[in-house]
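Chemist: coords please:
(chains A and B, ligands or ions: 3)
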Amino acid sequence: MAHTHTGLDTPPRHWWEPAHRSEKVWVGIAFAWCMVLFAMMPIWHWKGGQNPSGIRSRTTPVAFMERVQEFITQYQVGDDRGMPIVAPPPGSDIYLVAFSFQWMPILKLQKDVEYTLHLSSLDVNHGFSLYPLNVNFQVVPGYDYGLRVTPTAAGDFRIICNEFCGIGHHVMVGRVIVDDAPAVAGAGGGR
Amino acid sequence: MTTSAASPPVFRTCPATGRRVHLPAERLIKVHAVSSVVALLVGAIAAVLLVLTRWQAVHLLPADWFYRILGVHGMSMLIFFIIFFEMAVLIFASTVLINSRQPALRTSWLAYVLMLGGALMVEWMMWSGRADVLFTSYVPLRADPLFYLGVILFAVGALITVGIFFASLVIAKREGRHEGSLPLVVYGAMTAAIIAVITLVHGAAIYMPTYLWSLGLMEVDPQVYRMVWWGLGHSSQQINVAAMVAIWYMLGALTVGAVVLNEKISRSAFVLYILFISMASAHHLLVDPGMGPAWKIVNTSYFMYMAVLASMIHGFTVPAGMELGMRLRGFTQGLFDWLRRAPWGDPGFSSLMFSVVVFGFVGGITGVTIGTEQINIIVHNTLRVPGHFHATVVSGTAMAFMGATYYLIPLIFRRKVAFWPLAKVQPYLFAGGMLVFTLSMTFAGSFGVPRRHWDISFSMAPFDVQFSPVVDVLLAVVALGGLTAATGAFAFIAIAVASVFFGERLETIPTGRAVPGIPPGLTHPPRHADDVDERNAALHAVSRLGPAPGTLVLVFVFLAAFVLYFYVNWKVLSFLWRIG
Ligand code: HEM
Ligand SMILES: [Cu+2]
Ligand SMILES: [Cu+2]
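Modeler: Numbering: from 1, shown residues only, chains lettered A, B, ... in the order given. Ligands and ions are numbered 1, 2, ... in the order given. Next up is the predicted model:
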């Protein structure tokens, strides 16, 4: 029987043989590229500005909702058709809660200022998708996802729900307003 | 062994390949393959409805039916179509390919009945609106308990068939049907089977509690659900990859006489799949609150991308094996003469090529990129995700399965392939449509267009959302590509059904002349000359680029595309708000 064979044939008795150089070179390069792919993630944690790490903790729908209510009472500045608009101070912890089929409240933020945005859900999974920037996070009931965010552009943004959450999924839209920071508060940051 | 005149023979000899075919195994292969095609039909009808709804200008279905049909499509395609076919492949590989028999026939049929019953139960629940939870059924979205029970029955059936697969390998050895190492294709199928065990164990670990939860008997944490569910959901994609790669090696051998470049390297790559696959659930959870960065990085990369390495190895060895197979048969001119002179009119071959190319260039590159921890921020739950996996499991796995079917029809069903001229263009329709579909979907997704969404004009939402007009154009192109691909799928179904039930019977396979309805790989088997070893040695010695220089060039083009796409995504990410 010939030594050269196809994948359908029983291989010759001794098939543990050295590969041709070209094959080894490709395996070597592919391996090196895999290491680059891998290294990029820790590197971006270290040098990059966008990471999904956050401050993660457990919560309950009741506890989270209480926090949200408190937050709204403290910093509400108006409303849009009944949905409170909340303008928290720079550097503070801010809260956004998802439930079928709303995002509450409307957040009014300042540009170039860091906030810690807490996300959670009262019922099922929802998807936080910041339009038109295309920033996406999963919102899971029972978990508080605290993300440090710094808006880098002013504008009137939307939050689309992009995790299927039931029959009203496609009407679930929230709002985030980002104002240019007042000149005096230019220092920003504030942590 | 005694056979009385009354009892029919249990084996026949395949006229084309000389292999012994166990007739009861053959019957099992047939029912699994037919069930698979029926599921494909249901899924493809659903696909048309979905495409015509997401095409915002047509917007066919009402909201409730859109989500319902989306669930039907996901289940019918990803679970029933794919897994029924895989069971057929496993039975085929563990019997026909190694001249052996299917043991435990009663249990085999019981397993099939469980799978069928489970599938029907799930379909019934979904169509009757009692399981509007999509195929992921994320807790605490709630479906009727029978839905979860149906999934469990299906999985148990599959697990039994996988178990019998291992038993047949042992029996083949013990009964002396097979000696030495397994052929590479069977080895690949075995890889798929091993991963299937891991997968189905995850499946049990999540669906049993969820079933009890749906009955009000226990609690299931939503984040834990997502983690374990994806242990099932993603590992099953790895079954698909392993099965697909095995079929690549098989179709390469059948259509162009592809040889195995190096057993050691190909087999090691399969082992990498087994070792690192169960970590795969992580890339669905990269922007979830439940896990930290270290866990995400280690797991999403399958421990430093070792499974990606495996795919990059097969991505070289499969086409290189084909190139060398062609060169050994005399097509030695230049870098790409072997490719030009390949049997492009053989649907088995064209399916294979499209499967390799679209899986690699579109599915592979997008998949690794969007599964990167940080890049996932600009991808999660957008249309980029279905854009990616229709390039892997559809253009890759489903296309490979279709290509294999063109050979299974004459070899196992012993019929001519019906509508032969249609069969020749079917892979072009399906792969071409899917290519347009996946690329345009990916682009639409990069504008932030959500997946699983009925109305991106947000006509009933409290705040207006206005996507760029480009998105409307892209979604129309998605529809165009999708409808073309669906036409390809219907063509395939028509061909398969017509061949299997009404096709012209084939007692023998004539060789030496082209016969419409018989793939050229069978009428003109790509046999190698007697001096193949000398030719092989000569081709290995001739250049530093090795025995497959054309493929070497192609894989470097692939690598360049990969590097470019990967870093463009990092660049786009860097423009966003600061988040951490
Ligand atoms: C025949 C051509 C096909 C077309 C035109 C098609 C089209 C689509 C469309 C439009 C969606 C909905 C995307 C969204 O709105 O999120 C979708 C989802 C999906 N498709 Fe396909 N598809 C096809 C074949 C397949 C095949 C063969 C498979 C599996 C092997 C498959 C697996 C899926 C899955 C798993 C989903 C996700 C369902 C979900 O999000 O719950 N598709 N497909
Ligand atoms: Cu939602
Ligand atoms: Cu939603």
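Chemist: show me the contacts for B:Leu232.
Modeler: B:199-200, B:202-203, B:206-207 (C-beta atoms under 8 Å, 6 or more residues apart in numbering or on different chains). The C-beta positions use only the backbone N, C-alpha and C, and glycine is treated the same way.
Chemist: okay if I get the residues you listed as a markdown table plus pLDDT, secondary structure and distance to B:Phe556?
Modeler: Converted to a markdown table, those look like this (pLDDT from 0 to 100; DSSP: H, G, I helix; E, B strand; the rest coil; distance: C-beta to C-beta, whole Å):
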| residue | pLDDT | secondary structure | distance to B:Phe556 |
| --- | --- | --- | --- |
| B:Thr199 | 87 | helix | 34 |
| B:Leu200 | 86 | helix | 39 |
| B:His202 | 81 | helix | 37 |
| B:Gly203 | 86 | helix | 40 |
| B:Ile206 | 88 | helix | 42 |
| B:Tyr207 | 90 | helix | 44 |
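Chemist: return the closest of those residues with respect to B:Phe458.
Modeler: B:Ile206 (33.4 Å; C-beta to C-beta).
Chemist: okay, that closest one and B:Thr136: tell me how far apart.
Modeler: Using C-beta to C-beta, to the nearest Å, B:Ile206 is found at 11 Å from B:Thr136.
Chemist: between the two, what contacts are shared?
Modeler: Listed contacts common to B:Ile206 and B:Thr136 are B:Trp229; contacts here mean C-beta under 8 Å, 6+ apart.
Chemist: of the two, which one has the most company?
Modeler: The neighbour comparison of B:Ile206 against B:Thr136 (other C-beta atoms under 10 Å in any protein chain shown) goes to B:Ile206, with 25 against 19.
Chemist: which residues touch the spatially closest residue to the more buried one that is not a sequence neighbour?
Modeler: Excluding its sequence neighbours, the residue lying closest to B:Ile206 (C-beta to C-beta, 6 or more residues apart in numbering or on different chains) is B:Val228, at 4.2 Å. For B:Val228, the contacting residues are B:202, B:205-206, B:281, by C-beta under 8 Å, 6+ apart.
Chemist: save those as CSV, and put in distance to B:Phe336 too.
Modeler: Listed next are the contacts of B:Val228 as CSV, based on distance: C-beta to C-beta, whole Å:
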residue, distance to B:Phe336
B:His202, 43
B:Ala205, 49
B:Ile206, 48
B:Ser281, 40
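Chemist: taking those, please make a ChimeraX selection of just the buried ones.
Modeler: Applying 16 or more other C-beta atoms under 10 Å in any protein chain shown to these, the buried members can be selected in ChimeraX as follows:
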select /B:202,206,281
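Chemist: now for the contacts of B:Val228, which pair is the farthest apart?
Modeler: Farthest apart among the contacts of B:Val228 by C-beta to C-beta are B:Ala205 and B:Ser281. That separation is 11.6 Å.
Chemist: can you confirm the residue nearest to B:Ile206 is in a strand?
Modeler: No: counting by DSSP: H, G, I helix; E, B strand; the rest coil, B:Val228 falls outside a strand, being helix.
Chemist: quick one: it and B:Thr199, what's the gap?
Modeler: B:Val228 is 11 Å from B:Thr199, by C-beta to C-beta.
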